[in-house]
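Peer 1: Pasting the sequence and the predicted model now:
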Amino acid sequence: MAEDIVDFLIIGAGPSGAATTWSLSDTSTRIMCMEQGDWMKQTDYPSNYRNWERLLNTEMSISPNVRQNKSDYPINDTENSPISIANFNAVGGSSILYAAHFPRFHPFDFKVKTLDGVSEDWPIDYYQIEKFYNLNDKIIGVSGLGGDPAYPPKKAPLPPIPMGQMGNIMAKAFNQLGWHWWPPDVAIISEPYSGRDKCINLGPCVSGCTQGAKSSADVTYWPLALRKKGVELKTNCRVREITINKSGLANGVIYYNEDGIECRQKAEVVIIACNGVGTPRLLLNSVSKQFPDGLANRSGYVGKNLMLHPWGKVEGYFEHDLKSYLGPIGCCISSQEFCDTDKNRNFLRGFGLQMNRGTPPVATAQEGFINGDINLGENHHDEFKKHFGTKISCHICFEDLPEIHNSVTLDPVLKDSNGIPAPKINYIISENSKKMIPYGVDRGRELMETAGAWKIHTDAPMRMAGWHLMGTTRMGNDPNISVVNKWGCCHDIKNLFIVDASLFVTSAAVNPTSTIQAIALYISDHIKNNIANIFD
């Protein structure tokens, strides 16, 4: 019997894997995507149930170490890291649980070495992927307001999400301080779009969108991709390693199916879309005579230069009920005032400010009790009323510079349910970040005081905030200090591509998903345009 060989095998069905599959689906080739999770159902999301806040922190936790679902793999993120890792394994990946704040990188974010003398410049720039930013916005349905002076001209397909009363209060504070602010781009539809209904301001976006208004990859790219002939999505398949032939080309994968049975799948081209932790884990576990230190790792850079965006928050409480718990949780106002290097400060690069909604009732009570704001006893309800619906959060996204000692390695002891070594996070907060973080928190406090908050709480860097996983298979022109070239192709293996945030050279001071998908489309477009000579 002839071997089953697909033309393109994509590993991972999250934002980058979905975008790549859709883009390649018009090549009239056979495309298979493998995902270790399964499809999610909107009817199963926590907000369908009265105990949704408990489910948000248990079965739908952002941490795989808490969830411990069959599709999850454990991560050693406590032994050598002050920041814990968030990810989610399912069709749609971590976009199932993301807050859908959807900024782009700025043009200056691609030229950090030229401008600031640190890290490396990207081998591509903003304008090379601009059309893919625009395409991605259109496909998934991005809401926003054109004219933001922090960016080159761009226009979102849909009107912005309403800022609400809390947004108006904070906008006035930004104006008083003379700081930039703008209604941000969000991957949430403000009007009916592509067969999905608009956001109805439920609030629990980060536990999965029951309404289907959040533009996660499972409800945007995947329905489009699966309509195309030749596209197959295999769920509950955990890939253990990528195999290579005697010529040094990738020729398929070894994986475990839903029943835990070891299987093989052959492919002409392999594309990895497993995020900044999962991708180096897979490469490091794919050892052979040609690659004893891990596949595509002749440079020694696989797993190195991990960037996580140290995260902070400054929370202000106000006198009146703002109903701040309603609306998309992600961001109603963003500020790029401090995103770039300022020579008057004692650190390089910068941070973004994101004005987020308040917390729901159970979380308000729990946080209030922990902080000493809401006590048990006869004054409990009065103290609760003072804090519920009155909180506004300023989240701070600190740019993380790549440092080679920050890394993903294979844990020598911890394994997943199939016996595959778990990833181990080795990460320390840089000296640059240690200078940046207190400055950013001070700006957040200044903003809250200007807005009139009567009480302020701060937390930075936050422990459970490893949402953004970047940099562990760096893109670059020099194969000695990078893993893939400017087209996402591994320097060592010409038919092995990477399309997720592990190829990021720098992290910028904004959320990465918009850039992840734009680059995935950019790489896929190059593959399509060169499909006849991809092995040359």
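Peer 2: That came in fine, so what should we check first?
Peer 1: just so I have it, where are all the helices in the stretch 1-150 of the chain?
Peer 2: With DSSP state H, counting those that start in this stretch as the criterion, the stretch 1-150 of the chain has helices at 15-24, 52-56, 64-67, 112-116, 126-140.
Peer 1: closest one to residue 76 among the ones you listed?
Peer 2: For those, the distance to residue 76 is smallest for helix 64-67, at 8.9 Å, taking CB to CB. Where you see a C-beta, it was placed from the backbone N, CA and C, and this is true even at glycine.
Peer 1: could you dump that closest one to CSV, C-alpha only?
Peer 2: Taking Å, rounded to 0.1, in the frame of the first residue of the first chain, the C-alpha atoms of helix 64-67 are listed here in CSV:
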residue,chain,number,x,y,z
PRO,A,64,-2.4,24.4,31.8
ASN,A,65,-1.0,23.4,35.1
VAL,A,66,-4.3,24.3,36.7
ARG,A,67,-6.6,23.0,34.0
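Peer 1: just how off-centre is that helix within its chain?
Peer 2: The chain centre lies 17 Å from the centre of helix 64-67; the measure is CA atoms, centre = their mean, to the nearest Å.
Peer 1: Please point out which parts of it sit buried.
Peer 2: The neighbour-count check on helix 64-67 (16 or more other CB atoms under 10 Å) flags 64-65, 67 as buried.
Peer 1: Quick check: mean pLDDT of it?
Peer 2: Throughout helix 64-67, pLDDT has a mean value of 93.
Peer 1: Other residues contacting it?
Peer 2: 57-61, 72-75, 77, 84-85, 87-89 (CB atoms under 8 Å, 6 or more residues apart in numbering).
Peer 1: how about the nearest residue to residue 251, chain neighbours excluded?
Peer 2: residue 245 (4.6 Å; CB to CB, 6 or more residues apart in numbering).
Peer 1: Also residue 167?
Peer 2: residue 332 (4.2 Å).
Peer 1: same question, residue 27
Peer 2: Nearest to residue 27 is residue 528, by CB to CB, 6+ apart, at 5.7 Å.
Peer 1: And that neighbour, how close does it get to residue 20?
Peer 2: 11 Å (CB to CB, to the nearest Å).
Peer 1: okay, these two: which has more neighbours?
Peer 2: residue 20 (31 against 14; other CB atoms under 10 Å).
Peer 1: you'd agree the more buried one is up against residue 270?
Peer 2: No - at 11.7 Å, residue 20 does not count as touching residue 270 under the criterion of CB atoms under 8 Å.
Peer 1: Do a quick rundown of the helices in this structure.
Peer 2: Here the chain has its helices, by DSSP state H, at 15-24, 52-56, 64-67, 112-116, 126-140, 164-177, 221-225, 275-285, 361-371, 380-387, 431-451, 513-529.
Peer 1: Which neighbours do residue 20 and residue 270 have in common?
Peer 2: By CB under 8 Å, 6+ apart, no residue touches both residue 20 and residue 270.
Peer 1: Report the contact partners of residue 91.
Peer 2: Residue 91 touches 13, 35, 37-40, 217-218, 222, 233, 235, counting by CB under 8 Å, 6+ apart.
Peer 1: Tell me the buried residues within those.
Peer 2: Applying 16+ other CB under 10 Å to these flags 13, 35, 37-38, 40, 217-218, 222, 233, 235 as buried.
Peer 1: Give me the contacts around stretch 188-200.
Peer 2: 100, 141, 143, 157-162, 205, 209, 211-215, 219-220, 328, 330.
Peer 1: sorry, back to before: okay, now the residue nearest to residue 167: neighbour count?
Peer 2: Number of residues near residue 332 (other CB under 10 Å) recorded here: 27.
Peer 1: That one is in contact with residue 168, isn't it?
Peer 2: No - using CB under 8 Å, residue 332 makes no contact with residue 168, being 9.6 Å away.
Peer 1: Grab the nearest non-local neighbour of residue 228.
Peer 2: In space, residue 228 is closest to residue 25, 3.7 Å off (CB to CB, 6+ apart).
Peer 1: show me what contacts that neighbour?
Peer 2: So residue 25 contacts 31, 224-225, 228, 230-231 (CB under 8 Å, 6+ apart).
Peer 1: Now rank the residues you listed by neighbours and give me the top one.
Peer 2: Neighbour counts for those, by other CB under 10 Å, peak at residue 31, which reaches 26 neighbours.
Peer 1: Can you name the residues bridging to that one?
Peer 2: Taking DSSP bridges as the rule, residue 31 bridges to residue 8, residue 231.
Peer 1: hang on, isn't it packed against residue 6?
Peer 2: Yes - Residue 31 is within contact range of residue 6, at 6.7 Å (criterion: CB under 8 Å).
Peer 1: Can you work out which residues contact both of the two?
Peer 2: By CB under 8 Å, 6+ apart, the residues touching both residue 31 and residue 6 are residue 232.
Peer 1: how close does residue 529 sit to residue 412?
Peer 2: Taken as CB to CB, the span from residue 529 to residue 412 is 43 Å.
Peer 1: Tell me the buried residues in stretch 460-477?
Peer 2: For stretch 460-477, by 16+ other CB under 10 Å, it's 460-462, 465-476.
Peer 1: same check, this time on stretch 193-211
Peer 2: Quick answer for stretch 193-211 (16+ other CB under 10 Å): 193, 196, 198-199, 201-211.
Peer 1: Which of these sits closest to residue 262?
Peer 2: residue 208 (31.6 Å).
Peer 1: any idea of the pLDDT on residue 57?
Peer 2: Taking residue 57 on its own, its pLDDT is 85.
Peer 1: Compute the number of surrounding residues for it.
Peer 2: 16.
Peer 1: same deal with residue 394?
Peer 2: Residues lying near residue 394 (other CB under 10 Å) number 28.
Peer 1: Give the full set of residues in contact with it.
Peer 2: Residues near residue 394 by CB under 8 Å, 6+ apart: 170, 313-316, 353-356, 444, 447-448.
Peer 1: Okay, and the beta partners of it?
Peer 2: residue 314, residue 355.
Peer 1: Residue 183 versus that one, what's the distance?
Peer 2: With CB to CB as the criterion, residue 394 and residue 183 are 16 Å apart.
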